[in-house]
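In: my questions are about this predicted structure, shown below with the sequence.
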Amino acid sequence: MSTEYNSWPVKTRELHNHHFDSTVWNNFAFRNDDIIIATYAKAGTTWMQQIVAQLVFNGDPGLQVAEMSPWLDLRVPAKDVKLSTLAAQTHRRLIKTHLPLDALVYSPEAKYIYIARDGRDVVWSLYNHHANANRLWYDLLNDTPGRVGPPIAPPPEDIREYWRGWMDRDGHPFWPFWENVRTWWQYRHLPNCLFVHFNNLKHDAPAEMRRIASFLDIPIDESRWDSIVEYCSFDWMKKNAANSVPLGGACWDGGAEVFIHKGVNGQWKDVLSAEESAEYEARAIQELGLECARWLATGQNL
């Protein structure tokens, strides 16, 4: 890939909390064919990891995707463990991040896929993730040395209260939402960055998968295509969730299948009032601009 583009992103800050240690990227040795999968969270990250892994390995039902595709900026395990694991990999590497772009070291040679989803759908999926987390999850995030800031606490029982906190405190109790989308959107025209929307994956996953394969310069073996698509279906991933969920789902009551939730949009429509939904939509335009807000809500007009 050409590196003649004039305005590559530059890291301007570090981000720390109960989950993040962005400094790990400062010591990461990129390879020219690395694939970075970036999201805010609960926007289809695990699904995208599965898609990319199945494309890279030409359809393999036994792939342990969670192990081979680490979340690099997560505080646990220690940065040296993750860096050495990635350094030892001989296949094309796929790495997950939830950082905003200005807290990430950006390589002109790597390929980046940013996947997004309407913030209301994100919150409903995030609540399921948080409400089913068990003691191991809290121990790892709160008690592992190096945490910066307050610990993460259990969520309220009322999802409306959870929604209110997420809106009023911008992503609470995880991390800011709007800046994540905004910092990536600013660089959507980079030649090595592909934007994918959860809605479009839901609508026509095979078409989106072909677009992803083309972007990654992965030739499609048509004799394996039906199997690749099957292994990336939501039903197949749910049945084989231990392969794609961190620690095989040990951090969630109900196991890996709880981590891979319903994969549906619009659950908030039966809970949020028209006024609350309108408040979110106005906030999205204020934070992101009309074009980005429209894309975030629909996946259209990129």
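Out: The structure has been received and is ready for your questions.

In: use CA for all of it now, contacts and neighbours both
Out: Noted.

In: now do the strands in the stretch 151-300 of the chain.
Out: 193-197 (DSSP state E, counting those that start in this stretch).

In: so which residues of it form helices?
Out: 159-168, 178-185, 198-203, 205-215, 225-231, 234-239, 256-259, 274-288, 290-298 (DSSP state H, counting those that start in this stretch).

In: which of those helices is buried the deepest?
Out: Across the helices of the stretch 151-300 of the chain, the average number of neighbours (mean count of other CA atoms under 10 Å) peaks for helix 256-259, which reaches a mean of 22.

In: circling back to that earlier point, with distance to Val76 and mean pLDDT as added columns, please give the helices of the stretch 151-300 of the chain in TSV.
Out: Shown next, in TSV, are the helices of the stretch 151-300 of the chain (distance: least, CA to CA, whole Å; pLDDT from 0 to 100):
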stretch	distance to Val76	mean pLDDT
helix 159-168	24	98
helix 178-185	21	98
helix 198-203	27	96
helix 205-215	29	98
helix 225-231	28	98
helix 234-239	24	88
helix 256-259	18	52
helix 274-288	31	98
helix 290-298	30	97
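
In: how far away is the nearest residue to Ser125 once chain neighbours are set aside from Glu179?
Out: Sequence neighbours aside, Lys42 is the residue nearest to Ser125 in space, at 6.0 Å (criterion: CA to CA, 6 or more residues apart in numbering). Taking CA to CA, to the nearest Å as the measure, Lys42 falls 16 Å from Glu179.

In: now do the end-to-end distance for stretch 24-42.
Out: End-to-end distance for stretch 24-42, by CA to CA: 22 Å.

In: now stretch 167-178
Out: Using CA to CA, the two ends of stretch 167-178 sit 10 Å apart.

In: buried stuff in that stretch?
Out: 167, 171-178 (16 or more other CA atoms under 10 Å).

In: from those, which two are the most distant?
Out: Farthest pair in those (CA to CA) is Pro173 and Trp178. Separation: 14.2 Å.

In: quick one on the thing from earlier: and the residue nearest to Ser125, which of the three is it?
Out: Following DSSP: H, G, I helix; E, B strand; the rest coil, the label given to Lys42 is coil.

In: show me where the protein dips below the pLDDT cut-off.
Out: 1-5, 247-248, 254-263, 302 (pLDDT under 70).

In: let's see it at 50
Out: 1-3 (pLDDT under 50).

In: surely Gln49 meets Ile37?
Out: Yes: using CA atoms under 8 Å, Gln49 is in contact with Ile37, at 7.1 Å.

In: overlap in contacts, the two.
Out: 94, 96 (CA atoms under 8 Å, 6 or more residues apart in numbering).

In: tell me the secondary structure for Pro9?
Out: Assignment for Pro9 (three-state DSSP): coil.

In: for it, which non-adjacent residue is spatially closest?
Out: In space, Pro9 is closest to Tyr106, 6.2 Å off (CA to CA, 6+ apart).

In: quick one: the one you found and Val10 touch, right?
Out: Yes: with contact defined as CA under 8 Å, Tyr106 counts as touching Val10 (6.8 Å).

In: neighbour count winner among those two?
Out: Neighbours were counted for Tyr106 and for Val10 using other CA atoms under 10 Å; Tyr106 has more, 18 against 13.

In: about what we covered before: okay if I get the helices of the stretch 151-300 of the chain as CSV plus distance to Gly59?
Out: As requested, these are exported to CSV (distance: least, CA to CA, whole Å):
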stretch, distance to Gly59
helix 159-168, 38
helix 178-185, 30
helix 198-203, 18
helix 205-215, 13
helix 225-231, 5
helix 234-239, 13
helix 256-259, 21
helix 274-288, 37
helix 290-298, 30
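
In: nearest to Pro77, out of those helices?
Out: Nearest of the helices of the stretch 151-300 of the chain to Pro77, taken as CA to CA: helix 256-259 at 18.9 Å.

In: and Arg160, what does it touch?
Out: Residues in contact with Arg160 (CA under 8 Å, 6+ apart) are 271-272.

In: swap the cut-off to 7 Å and go again
Out: With contact taken as CA atoms under 7 Å, 6 or more residues apart in numbering, Arg160 is in contact with no other residue.

In: residue numbering should commence at 335 henceforth.
Out: Done: numbering now begins at 335, and the last item shifts to Arg494.

In: what comes up buried for stretch 551-559?
Out: 554, 559.

In: how far off centre is that stretch?
Out: On the basis of CA atoms, centre = their mean, to the nearest Å, stretch 551-559 sits 25 Å off its chain's mean C-alpha point.
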